[in-house]
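1. okay, here's the prediction I keep looking at, along with the sequence it came from:
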Amino acid sequence: GAVVSQHPSWVICKSGTSVKIECRSLDFQATTMFWYRQFPKQSLMLMATSNEGSKATYEQGVEKDKFLINHASLTLSTLTVTSAHPEDSSFYICSARDLPGVAEAFFGQGTRLTVV
Amino acid sequence: AQRVTQPEKLLSVFKGAPVELKCNYSYSGSPELFWYVQYSRQRLQLLLRHISRESIKGFTADLNKGETSFHLKKPFAQEEDSAMYYCALKTGGFKTIFGAGTRLFVKA
């Protein structure tokens, strides 16, 4: 199957700083990428959908200015957590689809963010 | 409202026993449903989708529109089946809604 890679796998940052998480599709072009957040022992919560070259579509309740998403190329999407706070500590997962409308999405390994 | 419900957080069975992980959905359109699996320390991966009507690793799932269910079944559980299983619904906008997940533990 196709490979989606996230970087970093884990990061610790201080409150008030910004953190960027990268999501790359290694062997295919991702027309659509999704960003999820997963709290401990809970399911994945979709944060936003990004299409290459256009603005991301955020789910209700997700702050656009806090979670900046950029999908500048067909193989890279980035999520920047701005002015991070301890409550932003979570597991962030991206997934990518190669063809629009194709159901299967390939998942990254996730990034554990800890804000201290 | 679009919703996926997995009523069991944890399911524990003995090796060789049948297993059924329950999933119910709520969706006004024509549903497209999936089961994802996450083994320990591995990333989430697709197990099967209802449109394929296939059996993967011995697992099957049938979409029952009358009961709005998509339960995952396997006649004889194996220890290597122990994992977290997520039922998911793909909406018309191509986004996927996940259930809360069920942790399957297969005892020797």
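-> Received the coordinates, thanks. Numbers count the residues shown, from 1 in each chain, chains lettered A, B, ... in the order given.

2. the residue nearest to residue A:96 when sequence neighbours are not counted and chain B, how far apart?
-> Spatial nearest neighbour of residue A:96, excluding adjacent residues (CB to CB, 6 or more residues apart in numbering or on different chains): residue A:30 at 3.6 Å. (Each C-beta comes from the backbone N, C-alpha and C, glycine too.) When CB to the nearest CB, to the nearest Å is the yardstick, residue A:30 and chain B sit 13 Å from each other.

3. for residue A:38, give me the pLDDT.
-> Confidence at residue A:38, expressed as pLDDT, is 88.

4. cool, and residue A:97?
-> Spelled out, the predicted local distance difference test score at residue A:97 is 81.

5. then residue A:89?
-> The model's pLDDT for residue A:89 equals 95.

6. tell me the strands beside whatever helix or strand residue A:71 lives in, with direction?
-> Taking DSSP states H and E as the criterion, the element that holds residue A:71 is strand A:67-73. Applying DSSP bridges to the sheet, strand A:67-73 is found paired with strand A:76-81 (antiparallel).

7. I'd like the distance from the partner strand to the chain centre, please.
-> Counting by CA atoms, centre = their mean, to the nearest Å, strand A:76-81 is centred 6 Å from the centre of its parent chain.

8. so the residue nearest the centre of chain A is in which element?
-> In chain A, the residue lying closest to the centroid (CA atoms, centre = their mean) is residue A:35, at 3.6 Å. Residue A:35 belongs to strand A:32-38 when elements are defined using DSSP H and E.

9. for that strand, packing partners?
-> strand A:19-25, strand A:44-51, strand A:67-73, strand A:76-81, strand A:90-97 (3 or more CB pairs under 8 Å, 6 or more residues apart in numbering or on different chains; DSSP states H and E).

10. any chance of these in TSV with mean neighbour count as columns?
-> Rendered in TSV, the data for those read as follows (neighbours: other CB atoms under 10 Å in any protein chain shown):
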stretch	mean neighbour count
strand A:19-25	21
strand A:44-51	21
strand A:67-73	18
strand A:76-81	21
strand A:90-97	23
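
11. reformat the ones you listed as JSON lines; add distance to residue B:15.
-> Compiled in JSON lines, the helices and strands packed on strand A:32-38 are given as follows (distance: least, CB to CB, whole Å):
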{"stretch": "strand A:19-25", "distance to residue B:15": "37"}
{"stretch": "strand A:44-51", "distance to residue B:15": "29"}
{"stretch": "strand A:67-73", "distance to residue B:15": "43"}
{"stretch": "strand A:76-81", "distance to residue B:15": "41"}
{"stretch": "strand A:90-97", "distance to residue B:15": "30"}
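
12. of those strands, which is nearest residue B:83?
-> Ranking those by distance to residue B:83, with CB to CB as the measure, places strand A:44-51 first at 15.0 Å.

13. would that closest one count as contacting chain B?
-> Yes. Strand A:44-51 lies in contact with chain B when judged by CB under 8 Å from any CB of the partner chain; the contacting residues are A:44-46, A:49.
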